[in-house]
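Asker: I'd like to go over a predicted model; first the sequence, then the structure.
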Amino acid sequence: MSIISKLKKHRKGRLDMRSSTARQSSRSFLGNLLLGIVLFLLGFLFLFPVIYMINQALKPLNEMYMFPPKLFVQNPTVNNFRDLSRILANTLVPFSRYLFNSLFVVIIGSIGHILTASMCAYPLAKYKFPGSKFISALIVYSLMFNATVTMVPNFITISRLHLIDSYWAIIFPQFASTLGLYLMMNFMEQIPDSLIEAARIDGAGQFKIHIRIVLPLVKPAAITAFILVFQSLWINTGDRYIYTEKLKSVAYMLSQLAGASNVGVARAGVLAAASVIIFIIPVTVFLIMQTNVISTMATSGMKE
């Protein structure tokens, strides 16, 4: 009897352990399910503007002004994109010219900003000289000012440099943007001084150290700055500095379409299609660069 009772107790204990394990697994499953639902709702909330924009571009005109409005398109059509292509085909300046202007400005401006900001951040982060702390403080304080505050000083500077009505009127101000400089300066402060000293002992000059050692280690900050400057230049119409039509950007051309659409409702679908087209390029660049940023941060291994 004692053996049987022991077996019963042992079996009961195993059943209790199984029930407790099942409760734990059920709680884990329910927790994961709840977390998944919350993340899905948040993801849908953040993607809602994109979903709305794409649906508006695919809606026929009668659905765009339907009441009550429908979130998802009922009868999708590409007529808005066809109408946009016909409008662009009849412009005095071809659409390819606007596209070239925008790509030239964003590529040269973004790459130039990375090079300029990195060369300025390197001595501020790794060397101590008279006024270095004051300059670093000015860089931090400059981040508090909105671009509207510096609009008049920028125009006066560009005008005195005789750069009005040229690509460089938009490109050069981005070279002096302090956000990328601030990001790179913080990243460069994490680079061990012993690494730079070892390169200097091996005979590497300052420029070679900057290009071959410092820039690869601050790649996350460089890519982040590239994304921010790219998006800023892509949506910049440049109408304050550029007056020649053949030098204007895609953003300016689409802003003119938006202004024309205020006359009536006929071009509302065309404007929605244009918004999708101008949205594709910066989002694609962001997604590609975001992957590189994550992989670089995981493998950079910068330690003191």
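Answerer: That came through, no problem.

Asker: I'd say residue 181 and residue 140 touch.
Answerer: No - the criterion here is CB atoms under 8 Å, and residue 181 misses it with residue 140 at 10.3 Å. C-beta here means a position set from N, CA and C on the backbone, and glycine is covered the same way.

Asker: and the two? which has more neighbours close in?
Answerer: Comparing residue 181 with residue 140 by other CB atoms under 10 Å, the one with more neighbours is residue 181, at 24 against 11.

Asker: would you enumerate the residues in contact with that one?
Answerer: For residue 181, the contacting residues are 117, 120-121, 139, by CB atoms under 8 Å, 6 or more residues apart in numbering.

Asker: can you give me the helices in the stretch 101-250 of the chain?
Answerer: Applying DSSP state H, counting those that start in this stretch to the stretch 101-250 of the chain gives helices spanning 132-142, 151-160, 168-175, 178-188, 193-201, 206-209, 215-217, 219-234, 250-261.

Asker: CA-only coordinates of the fourth one in PDB, if you can.
Answerer: The C-alpha trace of helix 178-188 is given here as PDB (Å, rounded to 0.1, in the frame of the first residue of the first chain):
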ATOM      1  CA  THR A 178      24.500  71.300 -38.200                       C
ATOM      2  CA  LEU A 179      22.400  68.200 -37.600                       C
ATOM      3  CA  GLY A 180      24.700  65.800 -39.400                       C
ATOM      4  CA  LEU A 181      27.700  67.600 -37.900                       C
ATOM      5  CA  TYR A 182      26.200  67.000 -34.400                       C
ATOM      6  CA  LEU A 183      25.500  63.300 -35.100                       C
ATOM      7  CA  MET A 184      29.000  62.600 -36.500                       C
ATOM      8  CA  MET A 185      30.700  64.500 -33.700                       C
ATOM      9  CA  ASN A 186      29.000  62.300 -31.100                       C
ATOM     10  CA  PHE A 187      29.900  59.200 -32.900                       C
ATOM     11  CA  MET A 188      33.500  60.200 -33.400                       C
END
